[in-house]
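Trainee: What shape does this take:
(one chain, ligands or ions: 1)
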Amino acid sequence: MPELLLLNGPNLGILGRREPEIYGTDTLADIEKAVADEVAGRGWTVTSFQSDVEGELIGRIHGSYDTVGAIVNPGALMITGWPLRDALASYPRPWMEVHLSNVWARESFRHESVIAPLASGIIVGLGAYGYRLAARALLAKVPH
Ligand code: DQA
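Mentor: Residues are numbered from 1 along each chain as shown. Have a look, this model is predicted:
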């Protein structure tokens, strides 16, 4: 079965409890289910991986070259994640960058993402719904 990779970086494993006024009340499990629902009709399954450790995210990317595409929320690695960026450069499939919050409405250190230039598309500020939209974008982008 074709697999979609859902990758979440540091501090995203505690969604639901983490600053809900910024990141909302949906948990990562809720998001995983929402993404799985979006892609089920196409026969895709979702492999979800979250880590607070950059190297673990990189290892997962290396092991996922045969997935159909990916949704990546790098968390604060958007700012410092040059090794993550290089791993994503090697990933041969389309992938979407997602941020729950509108990073440009926040502190200036969040205004640039080192991975953004490589993404097929970017969704910010729409909360957990952004992951659903990213899944739909990948469905449209990946040929049948
Ligand atoms: C985030 C935005 C990042 O700046 C922050 O470090 C996060 C979450 C978001 O989803 O809005 O951890 O990626």
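Trainee: what about residue 30, neighbour count?
Mentor: Neighbourhood size, residue 30 [other Cβ atoms under 10 Å]: 15. All C-beta spots, glycine's among them, are computed from the backbone N, C-alpha and C.
Trainee: Any residues of the protein in contact with the ligand? List them.
Mentor: For the chain, the contact set with the ligand under Cβ under 6 Å from any ligand atom comprises 11, 73, 75-76, 78, 99-101, 103, 110.
Trainee: So the most centrally placed residue in the chain, which state does it fall into?
Mentor: Centrality entry for the chain: nearest residue to the mean C-alpha point is residue 72, 2.0 Å, by Cα atoms, centre = their mean. Here residue 72 is recorded as strand under DSSP: H, G, I helix; E, B strand; the rest coil.
Trainee: beta partners for it?
Mentor: Residue 72 has these beta-bridge partners by DSSP bridges: residue 7, residue 97.
Trainee: Tell me where the protein has strands.
Mentor: 3-8, 45-50, 69-73, 95-99, 121-124 (DSSP state E).
Trainee: would a markdown table of those strands with mean pLDDT and distance to residue 18 be doable?
Mentor: A markdown table is the format used below for these (pLDDT from 0 to 100; distance: least, Cβ to Cβ, whole Å):
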| stretch | mean pLDDT | distance to residue 18 |
| --- | --- | --- |
| strand 3-8 | 98 | 12 |
| strand 45-50 | 98 | 12 |
| strand 69-73 | 98 | 12 |
| strand 95-99 | 98 | 14 |
| strand 121-124 | 98 | 17 |
